[in-house]
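Undergrad: curious how this folds, go ahead:
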Amino acid sequence: MHTMAKSRSMMTCHIIRMMALGLLLLATMDLTTAHNKHPGIPAYNILASDHVPFTQVQPTNVSQQCLDAFAQLIVDPTKTIYVADAMGKPAAGALVGNVAWIGHYDECKSLKYKYCIVQMHVDGTSVVPKLAVDVSWGVCAPQECSPEDVKNGISLLAKYANISQYITPNTKAMAVCSQDQTYDAGFIGMVAFCSVILLVILQSSLIETALKIKLPKLTSPLLQLQAESFFETRRGGDKEEEDDVPLIGSEGNLAGQNVVIQESAQQNMVTRLLQSFSLTSNTAKLLDSKQSDRSIGCLNGLRVISMFWVILGHTLVFANMTQNLENPYSLFNYAKRFGFQAILNATFSVDTFFFLSGLLVGFLTFMRMAKTDGKIPWFWFYFHRFWRLTPVYMFTILFFMYLVPYMGKGPFWLLDTKTACAKYWWTNLLYINNFYPKNFGDECIGWTWYLANDMQFFIISPIFLMSFFMLPIVGVILVIVTILASFIVTGTLVGYYDLPVFTELGYFDPIYILEHPHPPPMDFQSMIYGKPYCRISPYLVGIALGYIMYKIGNRKVKMNPIIALLGWLITAAIAISVLYGNYPSLHGNYLPSLTANVIYASVSRFAWSIALAWIVFACKYGYGGWINNILSWSGWVVLSRLTYTAYLVHPIVLLVFYFNFATAVDFSIVVFSVYFVGCLGISYGLAAVFSIAIEYPCANIEKFLMPKDVQSKRTVDASSSSRETIQ
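TA: Residues are numbered from 1 along each chain as shown. Below is the predicted model:
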């Protein structure tokens with residue numbers, strides 16, 4: 001180990017020395033001297049004539065305009081110094097992973113030059129086997145140079161500095177250059193669309209305010225009560241079940257009354273549609289913290305805490321994704337701490353949502369089937385879910401594609417928000433983006449792989465729901481067989497491809513990254529992490545618990561206190577094993593054995609859902625104690641309503657935040673705690689805007705799309721699985 005570390009240090013120092021001297025000093029001082037010796041000769045000819053070993057250089061790989069601009073630069077020593085000063089240089093901490101040589105973005109732009117980030121793959125396998133690292137180098141280039149020119153120019157200088165054996169830019173390097181933002185048609189169209197929505201919201205709010213002002217003029221106490229009831233139901237006053245209640249109450253009792261409230265509620269469909277966007281009603285519904293007696297109160301706390309957990313994990317992962325951490329090795333040392341394991345294993349928060357999704361779909365559907373003798377309008381069952389989830393989902397994609405690019409600038413603000421979404425947006429609309437594109441990182445707003453999985457689970461859920469309702473033993477067998485099949489598929493894939501299941505390690509360990517130029521964790525993400533056949537077990541556990549709770553109903557469950565205590569102890573043991581079972585591997589051999597990988601990958605998420613099932617069951621039936629008091633706190637209710645939109649927008653907040661940095665970020669617990677709290681608050685604030693402006697109005701409009709007879713049957717709100725679980 002000591003020899004390996006020494007070899008890595010020597011290799012890193014060698015690369016730093018050669019790149020610093022070769023690419024910076026030779027590109028500025030030596031070329032200037034050479035030009036003085038050969039005035040009037042183009043820069044690329046100087047290279048070829050003054051440096052015989054450089055005869056293999058092919059200047060045709062760089063455009064003539066770029067070469068001429070570079071030639072003009074080197075005859076101006078003063079400007080050359082400024083350009084060299086603005087360019088990135090090896091910084092302190094290179095031996096602990098600081099490979100973000102950013103330079104000075106604003107200085108480069110003030111020179112009227114183009115700032116580019118060059119991702120160079122530095123290959124040191126000739127010195128140490130499997131030793132390779134990606135370096136982000138800030139280059140200040142003439143405006144005439146394209147990104148391809150910059151990349152090829154780096155190759156030119158690497159050969160000149162005699163370090164080309166360590167750099168393979170033609171196959172692994174890329175250059176991305178900043179460009180002055182111009183307002184394209186997409187931006188203008190999106191701004192216009194948002195403006196129309198804002199105007200509709202204002203008009204709707206004015207209409208509702210005008211109607212309320214006229215309420216005192218109603219002389220009949222009965223009509224006055226009916227009018228007040230109309231506005232109350234628009235605020236969501238009817239609270240029978242979780243999210244199984246239409247957002248607009250019934251106004252049928254006002255029919256035939258020739259009063260102003262009847263004009264609003266009955267005669268003008270356009271006015272009623274406009275009122276769906278009412279700011280006052282939708283805000284009142286959002287902020288209403290009352291809970292129904294029949295609701296499962298602890299679910300609100302589980303949703304919100306799990307969403308906080310997701311954002312906490314992403315705050316860390318997104319920082320590392322930007323490749324602008326100046327001390328990633330220090331981050332890995334933090335990751336070895338026992339308490340840090342809960343952050344590294346934040347992926348289990350997603351399994352919490354899968355479990356809650358199955359629970360609510362199962363419980364609410366069984367309750368509805370009991371009232372309708374097993375008859376469910378399946379078309380509206382599916383339509384309802386699609387309609388409730390998709391509008392705000394598509395709006396988020398448009399927001400990401402056309403508005404986010406104008407929200408920042410800087411050396412890292414080279415985020416391409418359009419290419420993937422322009423190519424693959426339809427896969428999101430069809431909820432198949434977890435299968436196509438094949439690579440996990442190529443999706444449009446890739447974090448929505450969850451919605452694809454959950455929709456696919458929902459599509460097949462009637463198989464299990466009908467089985468449980470008609471023949472419970474068949475339902476039990478189907479659930480057990482499906483879970484076992486999921487175990488077998490997951491274990492087989494992990495075993496066959498020898499995939500490390502602790503994927504977070506690949507994000508944080510620089511040694512692992514150096515020794516794995518093509519890290520397996522991405523294969524794990526693409527092949528297992530986002531695939532429904534590997535993630536379905538928590539969903540099925542949720543459906544099974546939903547059936548048990550449906551059968552119990554409102555009856556009291558009598559349980560021996562010792563049994564209840566034993567249940568909590570087993571639950572705690574399972575949860576700790578799942579979250580902290582990774583800890584020993586961080587202090588011994590780097591990766592656990594193949595057998596351990598197979599077992600953990602196959603069973604861990606199922607085990608986590610079993611622990612959740614006990615928590616929900618115990619809290620619902622009076623054995624939750626102080627845990628139920630925390631999870632059922634009314635303060636969670638408002639935040640739980642924002643969980644779905646917070647899930648959609650929080651990665652955008654994190655990307656905008658991190659990509660606006662002009663320097664590398666130093667990791668520390670205190671600093672990242674502040675980042676987390678700030679991004680959490682902004683995410684929920686933006687989520688509230690999305691909910692009030694898009695999600696709630698579309699939910700209100702659904703009332704006009706659904707037939708009266710279906711409304712009277714109170715079709716199960718399929719969005720409980722995502723809007724109320726991811727939500």
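Undergrad: what's the distance between the residue most central in space within the chain and Tyr329?
TA: With distances taken as C-alpha atoms, centre = their mean, the chain has Trp447 as the residue nearest its mean C-alpha position (3.6 Å). In this structure, Trp447 and Tyr329 are separated by 27 Å, where distance is defined by C-beta to C-beta, to the nearest Å. Quick note: C-beta positions are derived from backbone N, CA and C, even for glycine.
Undergrad: point out where the stretch 151-300 of the chain drops to low pLDDT.
TA: Under the criterion of pLDDT under 70, the regions of the stretch 151-300 of the chain flagged as low confidence span 158-173, 214-268, 293.
Undergrad: where along it do the helices fall?
TA: Shown for the stretch 151-300 of the chain, the helices assigned by DSSP state H, counting those that start in this stretch span residues 169-172, 185-213, 221-234, 260-262, 269-275, 279-287, 298-321.
Undergrad: contacts only, for Gly97.
TA: Applying C-beta atoms under 8 Å, 6 or more residues apart in numbering to Gly97 gives the contacts 325, 327-329, 510.
Undergrad: before we move on, the earlier item: of all the helices of the stretch 151-300 of the chain, which one comes closest to Glu702?
TA: Distances from Glu702 to each of these were compared by C-beta to C-beta, and the smallest falls on helix 269-275, at 11.4 Å.
Undergrad: number of nearby residues for Phe457?
TA: Here the neighbour count serves as a burial measure; for Phe457 (other C-beta atoms under 10 Å) it reads 24.
Undergrad: is it true that it touches Tyr533?
TA: No: with contact defined as C-beta atoms under 8 Å, Phe457 and Tyr533 do not form a contacting pair (10.6 Å).
Undergrad: circling back to that earlier point, so which of the helices of the stretch 151-300 of the chain is the most surrounded?
TA: Relative to the other members of these, helix 298-321 carries the highest mean neighbour count by mean count of other C-beta atoms under 10 Å, namely a mean of 22.
Undergrad: where's His121, which helix or strand?
TA: His121 belongs to strand 114-123 when elements are defined using DSSP states H and E.
Undergrad: what's that strand packed up against?
TA: Helices and strands touching strand 114-123, as assessed by 3 or more C-beta pairs under 8 Å, 6 or more residues apart in numbering; DSSP states H and E, comprise helix 105-110, strand 132-141, helix 147-160, helix 169-172, strand 174-177.
Undergrad: need the ones you listed in CSV with distance to Val270, can you?
TA: Shown next, in CSV, are those (distance: least, C-beta to C-beta, whole Å):
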stretch, distance to Val270
helix 105-110, 50
strand 132-141, 54
helix 147-160, 51
helix 169-172, 58
strand 174-177, 48
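Undergrad: low-confidence bits of the protein, can you list those?
TA: The chain contains residues with pLDDT under 70 at 1-60, 95, 123-132, 158-173, 214-268, 293, 415, 502-522, 587-591, 708-727.
Undergrad: swap in 50 and give it another go.
TA: In the predicted model of the chain, residues 1-57, 169-171, 218-219, 222-230, 232-241, 244-267, 504-522, 715-727 satisfy pLDDT under 50.
Undergrad: hmm, Cys66 and Gly153 touching each other?
TA: Yes: the pair Gly153 and Cys66 passes the contact test of C-beta under 8 Å, sitting 7.1 Å apart.
Undergrad: quick check: neighbours shared by those two?
TA: Taking C-beta under 8 Å, 6+ apart as the contact criterion, the residues that touch both Gly153 and Cys66 are 141, 145.
Undergrad: more neighbours: which of these two?
TA: With neighbours defined as other C-beta under 10 Å, Gly153 and Cys66 compare such that Gly153 has more, 26 against 22.
Undergrad: distance of the closest residue to that one other than its chain neighbours from Val598?
TA: Of all residues beyond its chain neighbours, the one nearest Gly153 is Val62 (5.4 Å), with distances taken as C-beta to C-beta, 6 or more residues apart in numbering. With distances defined as C-beta to C-beta, the gap from Val62 to Val598 amounts to 51 Å.
Undergrad: then Gly685?
TA: As judged by C-beta to C-beta, Gly685 and Val598 stand 43 Å apart.
Undergrad: repeat for Val671
TA: When distance is defined by C-beta to C-beta, Val671 is 38 Å away from Val598.
Undergrad: check Leu302 too.
TA: The separation that Leu302 has from Val598, given C-beta to C-beta, amounts to 29 Å.
Undergrad: redo the contacts of Gly97 as CSV? Include neighbour count and distance to Ala192.
TA: Listed next are those as CSV, based on neighbours: other C-beta atoms under 10 Å; distance: C-beta to C-beta, whole Å:
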residue, neighbour count, distance to Ala192
Leu325, 23, 39
Asn327, 19, 45
Pro328, 24, 43
Tyr329, 17, 48
Pro510, 20, 47
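Undergrad: of the residues you listed, which is the nearest to Met394?
TA: Closest approach between these and Met394, by C-beta to C-beta: Leu325, at 33.5 Å.
Undergrad: who's in contact with that closest one?
TA: Leu325 sits in contact with 97-98, 100, 319, 331, 664-667, where contact means C-beta under 8 Å, 6+ apart.
Undergrad: number of nearby residues for Leu545?
TA: 23.
Undergrad: may I have the helix or strand encompassing it as PDB, with CA atoms only?
TA: Using DSSP H and E, Leu545 falls within helix 537-552. Provided in PDB are the C-alpha atoms of helix 537-552 (Å, rounded to 0.1, in the frame of the first residue of the first chain):
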ATOM      1  CA  SER A 537     -40.600  -5.400  -3.500                       C
ATOM      2  CA  PRO A 538     -41.300  -2.400  -1.300                       C
ATOM      3  CA  TYR A 539     -44.400  -1.600  -3.400                       C
ATOM      4  CA  LEU A 540     -45.800  -5.000  -3.000                       C
ATOM      5  CA  VAL A 541     -45.200  -4.900   0.800                       C
ATOM      6  CA  GLY A 542     -47.200  -1.700   0.800                       C
ATOM      7  CA  ILE A 543     -50.100  -3.300  -1.100                       C
ATOM      8  CA  ALA A 544     -50.000  -6.300   1.300                       C
ATOM      9  CA  LEU A 545     -50.100  -3.900   4.300                       C
ATOM     10  CA  GLY A 546     -52.900  -1.900   2.700                       C
ATOM     11  CA  TYR A 547     -55.000  -5.100   2.500                       C
ATOM     12  CA  ILE A 548     -54.300  -6.000   6.200                       C
ATOM     13  CA  MET A 549     -55.300  -2.500   7.300                       C
ATOM     14  CA  TYR A 550     -58.500  -2.600   5.100                       C
ATOM     15  CA  LYS A 551     -59.500  -5.900   6.700                       C
ATOM     16  CA  ILE A 552     -58.900  -4.500  10.200                       C
END
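Undergrad: for that helix, name the packing helices and strands.
TA: If contacts are counted by 3+ C-beta pairs under 8 Å, 6+ apart, helix 537-552 sits against helix 348-371, helix 449-470, helix 472-497, helix 594-620.
Undergrad: most tightly surrounded among these?
TA: Mean neighbours per residue, mean count of other C-beta under 10 Å, is largest over the helices and strands packed on helix 537-552 for helix 348-371, with a mean of 25.
Undergrad: quick one: that one to helix 537-552, angle?
TA: Between the axis of helix 348-371 and that of helix 537-552 there is an angle of 30 degrees, by axes from the mean of the first three to the mean of the last three C-alpha atoms, to 10 degrees.
Undergrad: which is the next helix or strand following helix 348-371?
TA: Sequence-wise, the next helix or strand beyond helix 348-371 is helix 378-402, with elements assigned using DSSP H and E.
Undergrad: what about that following helix, distance to the chain center?
TA: With C-alpha atoms, centre = their mean, to the nearest Å as the basis, the distance from the averaged C-alpha position of helix 378-402 to the chain average is 17 Å.
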